[in-house]
Each structure stands twice: as C-alpha cells, then as structure tokens.
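Student: Please find the sequence and the predicted model below.
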Amino acid sequence: MNPSAAESISKAAALQLSGKADLALEELCRARDRGDRSPKLYHAIGHLQFQSGQLEAATATYQDLAYLDLFGSAAHYNLGVCWERLGQWDKAAEAFREAIELEPQRPNAHLGLGVSLLHLQEPESAWKAFETCLERQPFREAALRGKAVALQALDRRQEAAEVYHRLLSRDPYCEELLVNRIALAMAEGEYEAVAQYAQRLLEVQPQSRVALEGLAGAAFAHRDYEKAVQFCTTLVETHLDHSPGWFNLGIAHQKLGRYREASIAYSQAVRLGLETVEVYLSLGTVLHELEQWAPARAAYEKALAIEPGSKTALWNLALLLERNQEPGEAEKLYARLTAKCPDAQDAWFRLGFVRLQLGDYPGSVKAFKSCLIFQKMRPDVQMNIGIACWKMGKMEAAEDQFRQVLAYAPRSVEVRRCLAAMALERQDFERALKEHLHLLELGESSAELLYNAGSLLHRAGRTAEAARVYRRAIAARTNFPEALFNLGHALMSLGQEEEARSSWEAAFRANPDLAESSLV
C-alpha cells in the first residue's frame, strides 16, 4: 500500500474513533483526489460512505474499486449491498453473481443473491441461492427465512411449512414469520393453524390486519358467520379504509340473512374503491332480497359495465327485470346469456318463457327446444312448447306436446286445463267435457271450473249431474250469479219449479242485469 494512503487511512481511523466520521471521510477522499489508487483506500472510502448513508457515492466508489482490484470479491459484494439498499435488485443480483464467481465460498453473497432474486420474482433461482448459503452456514436464519419464502412462492407448501416451524420454534413471536405462516396455512386450507398463528400474532400486534383477516377466514371456513362478523367488525374498526374487510363483513352478514347490514358493508367497500364485479354482484343480490329494485338494478348494471360477459350479472339482472314486468329488456339479457353460454338450460327456459309473454311464439319454441338438447324429457318445457304452438294455431303440434307430458305425468292439472281450453276454443264440447271431468277427478274445485263443467254437462243433456256441479260452484263462490241462473234452468228441466224460481231470484239479486237480459 502506498505510504501516503496508509497515513491517510491511519488518520481517518483515529478521526472515526473520536466520533468524527465526516472528517475521516474527507481525509480519505483527499488522498484519493491526489491520485492514490490503493484498493484499501477505496475500500475504506466506500465503507464510510455506506455507513453515512451516501449510497450513490458508495456505489461509485465500489465500482471503481472493482476495476482496481480485479480479482477481489469484496468490491462486488459491497456494491451488491449498496444496490440492495437502493432497491436496484437487478443490479444487486449482478454484483452478487460477480462476487460469487470470484469467491464461490462467500455465503453472504449467496444470501444477497437469493434476496435480490426474490424481489425479481425468480423464486426457483432464489431458492437455489439460499440452499447454497445454507450448505456453508446451516443455521443462518436470514437464509432460512428466504428459503421459506421461496418455497412458498414455488407452491412447495409442505417444505415451506417445515422451515417456518423450525424458525418459529426459535422465535415464536416473530411478526414477519407469523404473517408468512398464516398466509401459507390459508393457502393450504389449514384453518386450525391459521387461527393458532393469528391469535399469537395478535399478542404481538393487537390490531394486526393479517391476524384479524386470518381469524375471519378461519371462521368462514367453519361456517361460524357470527364469529366472522365479530372479527371483520374489529378489522374495519381498526382499519377504516380496508375495503376487503368491509366486503368480507358484508359476506358474513349476508350468510346470516342480514341483508340490510350486508348492503351497508358492501356499499362502504365500494366507497373505498373496491369496485369489482364480485362486490357489485353481492350488493345487487342483497338489495334484490330487500326489494330495493332500482338500486339492485344499478348494482347489476355496474357489474356488467366492468365485465359485460358476467353470467351471474346477466342472469340476476334479467330475473329482476322479468320480476318488474320488463320482459322485453329481460329477453335481451337472456339472449346475451345463451349466446355466451349455449349450455345454460335455465337461461334457455327463461328466454322461452319471456318470448311467450311477448307473443314471439316461434322464438319461444326455438328457445324451449334448445332446453331439450340437454335433457330429452322435460315436462315443463314441453308444456310451454305446447302452449306456444297452440297460440300459433298449430293445434295438432300443441296436442302432441301435451300428450307427451301426460305420458310422463298423467295427473298434470296444467296440461288438462290447456286441453280443456283448446277443446272449448274449437267448440269440441264433448272433448271439453271429458277434460273438465278429468280435472274434477284430479281434485280441482275452483268455482270457474265447476261452472264450466256444469255448463258442459247441461249441454250434453246430463241435467241432474249439471245441477249437482252448479251447486258445488255456488258453494265455492257465494252468490255466483251465472251458476245460480243456470242452476235454475237445470232445476226447471228436472221439474223442480219452485226451487228453480228461488235460484233465479238469487241470481237476479246478485246481478240485476241478468233479469233484464232474460226479459228481452
């Protein structure tokens, strides 16, 4: 070493020991500026610059030192440490690699390389670097921590858990380790472990967001939604701007059927900037349950604005519109949904149903037939196809569909009603009577059905039976004027004149217009 450099280093050392590090650095820099190129001088300058926080200056010094001491690894290692402190992870990794190439046995360089590679999101290479460090220093805690994080990133969860267990046995209340271990247990679905480590973390940090989220997650996993509400409430009370906490609080309330509280929590999550499809769908769902139709619609529309192809948003909004008597708008959404998901049977069914309401009978049949692609026999679908064919005047096609349903469900009241109505429409009174009697056998007893059955029996000349059925219609609807009027005619035909007059008088009292029309 140059005598002048040695003298400057000695003076600088004395100054530093006396607490005058800034003067020590000035002494060394003067020697450098005089042209001294001693590696030891540059090493001392870099060290003091680093210690005083002059990281940019230190990196320049160590870069110069690397040129002066071509075969020394220290300059490259120290340069890597400076780049680390500056957050320049790619440059740090390169410097550590240079140090390792010159001195493969230097464990700190492998450790620094591993840390840099973790930040560069290269966990496989980072893990190898930590392993190399641990081969030389098996109990190096920083390397063990880095290895655990790398294994966790590589989804090698069991191996990572083993390393965390080893580290936590030495330092059971280390906040960083507990946070990582909770995340790992959550990923593994080990909710008992999540709760255990989260409780321990709360002892260290009573308002820890990670701990409260972990405890809430464990409560959700065990379907203990009351506890989930408790932990989420504590979380949002201590971290007011934590939007995921508000969202999870909403989920917990929703699971408990507390839709109003859930809507408040979801709305708060939105106000805090958590504007995702999931949040708006959840908000829309609880508002839907609360029958707040306009806000629910707005929430679903927000979800669709974010993700136009969202199946759930399309479905929920279409159902809401259908419920609010907007079949035209609902039809458009169901059409979008079936175009996106051709195998969505329920959507095809609803599409067919709203088209039936809108009078688009061919479109209705087409939608309903799409349901049958996935399930050959569906009485509800075939019933509606039959109705659409009937509305189009395709009576034979309609009857064929109704007969297929009866083969599958012979006691179907809905089909019998349709067949009875079709027969009346075609003035096939014999067939209409047969279907009405089937309905009576099936236990149907509405006043209208009984009246129609009585009229058909009366027309068929089965007067006594007609009178009995008229009486049942009157029992089902007190003062049923038309039934009373026709019962009078039936009784007169049966020779019961006095009772017939009594029935007519009751009919006229219930509906005076009948008296006037009977005199014309």
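Tutor: Sure, I can see it. All figures in this text were calculated on a predicted structure; none of them were measured in a lab. Residues are numbered from 1 along each chain as shown.

Student: going forward, measure contacts and count neighbours with C-alpha atoms only.
Tutor: OK.

Student: Contact partners for residue 162?
Tutor: Applying CA atoms under 8 Å, 6 or more residues apart in numbering to residue 162 gives no contacts.

Student: Local confidence estimate at it?
Tutor: Residue 162 is assigned 91 on the pLDDT scale.

Student: host element of it?
Tutor: Element membership of residue 162, judged by DSSP states H and E, is helix 157-170.

Student: List the buried residues of that helix.
Tutor: By 16 or more other CA atoms under 10 Å, the buried positions in helix 157-170 come out as 157, 160-161, 163-165, 167.

Student: Going by distance to residue 25, which of those residues wins?
Tutor: Closest to residue 25 out of the buried residues of helix 157-170 is residue 167 (40.0 Å), distances taken as CA to CA.

Student: My guess is the closest one contacts residue 140. True?
Tutor: No: between residue 167 and residue 140 there is no contact under CA atoms under 8 Å: 10.4 Å.

Student: angle of the helix or strand just after the helix holding residue 162 against helix 157-170?
Tutor: From helix 157-170 onward toward the C-terminus, using DSSP H and E, the following helix or strand is helix 175-188. Taking axes from the mean of the first three to the mean of the last three CA atoms, to 10 degrees, one finds helix 175-188 and helix 157-170 inclined to each other by 150 degrees.

Student: List the contacts of the closest residue to residue 69 other than its chain neighbours.
Tutor: Excluding its sequence neighbours, the residue lying closest to residue 69 (CA to CA, 6 or more residues apart in numbering) is residue 39, at 6.3 Å. By CA under 8 Å, 6+ apart, the contact list for residue 39 reads 65, 68-69.

Student: repeat that with 10 Å
Tutor: For residue 39, the contacting residues are 1, 5, 45, 62, 64-69, 72, 75, by CA atoms under 10 Å, 6 or more residues apart in numbering.

Student: and if you look at residue 246?
Tutor: Neighbouring residues of residue 246 by CA under 10 Å, 6+ apart: 232-233, 235-237, 239-240, 252, 262, 264-270, 272, 274.

Student: Any chance of a ChimeraX selection covering the buried ones in those?
Tutor: Applying 16+ other CA under 10 Å to those leaves a buried subset, and the ChimeraX line that selects it is:
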select :232,233,235,236,252,262,264,265,266,267,268,269,270,274
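
Student: Model confidence at the residue nearest to the spatial centre of the chain, what's the number?
Tutor: Closest to where the C-alpha atoms of the chain average out (CA atoms, centre = their mean) is residue 278, at 4.6 Å. Here the pLDDT value assigned to residue 278 is 97.

Student: Next up, phi/psi of the closest residue to it other than its chain neighbours, please.
Tutor: Spatial nearest neighbour of residue 278, chain neighbours left out: residue 303 (7.7 Å); criterion: CA to CA, 6+ apart. Backbone torsions for residue 303, taken as degrees, to the nearest 10, come to phi -60, psi -40.

Student: residues of the one helix or strand residue 353 maps to that come out buried?
Tutor: Using DSSP H and E, the element containing residue 353 is helix 345-358. Using 16+ other CA under 10 Å as the burial criterion, the residues of helix 345-358 that qualify are 345, 347-356.

Student: for it, packing partners?
Tutor: helix 311-323, helix 327-340, helix 361-374, helix 379-391 (3 or more CA pairs under 10 Å, 6 or more residues apart in numbering; DSSP states H and E).

Student: which stretch among the ones you listed comes nearest residue 148?
Tutor: helix 311-323 (39.1 Å).

Student: now that closest one, how far from the chain's geometric center?
Tutor: Computed by CA atoms, centre = their mean, to the nearest Å, the chain-centroid distance of helix 311-323 equals 16 Å.

Student: between that helix and helix 327-340, what angle do the directions make?
Tutor: If you take the same axes, to 10 degrees, helix 311-323 sits at 160 degrees to helix 327-340.

Student: what helices or strands is helix 311-323 leaning on?
Tutor: helix 277-289, helix 293-306, helix 327-340, helix 345-358.

Student: the inter-axis angle of that helix versus helix 277-289?
Tutor: Helix 311-323 and helix 277-289 are oriented at 20 degrees to each other (the same axes, to 10 degrees).

Student: so residue 131 is in which element?
Tutor: With secondary structure defined by DSSP H and E, residue 131 is part of helix 123-136.

Student: Within the helices and strands, which one has residue 87?
Tutor: Residue 87 belongs to no helix or strand, assigned by DSSP H and E.

Student: How confident was the prediction at it?
Tutor: At residue 87, the predicted lDDT confidence score is 95.

Student: Closest one of the buried residues of helix 157-170 to residue 256?
Tutor: residue 157 (33.3 Å).

Student: can you pull the contacts of the closest one?
Tutor: Listed by CA under 10 Å, 6+ apart, the contact set of residue 157 reads 148-149, 151, 163, 184-185, 187-188.

Student: Okay, the closest residue in space to residue 290 that isn't next to it in sequence and residue 285: tell me how far apart.
Tutor: Take residue 290 and drop its neighbours on the chain: the residue closest to it by CA to CA, 6+ apart is residue 259, 6.8 Å away. Computed as CA to CA, to the nearest Å, the residue 259 to residue 285 distance reads 9 Å.

Student: Then residue 209?
Tutor: In this view, residue 209 and residue 285 are 28 Å apart by CA to CA.

Student: re earlier: emit the PyMOL select command for whichever of the contacts of residue 157 are buried.
Tutor: In PyMOL, this line selects whichever of the contacts of residue 157 come out buried by 16+ other CA under 10 Å:
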select buried, resi 148+149+151+163+184+185
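
Student: ok, so of the contacts of residue 157, who is nearest residue 247?
Tutor: residue 187 (19.7 Å).

Student: Give me the pLDDT value at that closest one.
Tutor: 87.

Student: which residues sit in contact with it?
Tutor: Residue 187 sits next to 152, 155, 157, 181, 194 when contact means CA under 10 Å, 6+ apart.

Student: among those, which two are most distant?
Tutor: The widest separation within the contacts of residue 187 (CA to CA) is 17.4 Å, between 155 and 194.

Student: Between the two, which is the more surrounded one?
Tutor: Using other CA atoms under 10 Å as the criterion, residue 155 and residue 194 rank with residue 194 on top: 28 against 14.

Student: distance of the more buried one from residue 254?
Tutor: Taking CA to CA, one finds residue 194 at 23 Å from residue 254.

Student: Quickly list the domain ranges of the chain.
Tutor: Annotated domains of the chain cover 223-290, 308-376 [automatic domain parsing].

Student: would you turn these into TSV with distance to residue 494?
Tutor: Listed next are the domains of the chain as TSV, based on distance: least, CA to CA, whole Å:
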stretch	distance to residue 494
domain 223-290	58
domain 308-376	46
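
Student: Quick check: which of the ones you listed is nearest to residue 215?
Tutor: Closest approach to residue 215 among the domains of the chain is made by domain 223-290 (6.7 Å; CA to CA).
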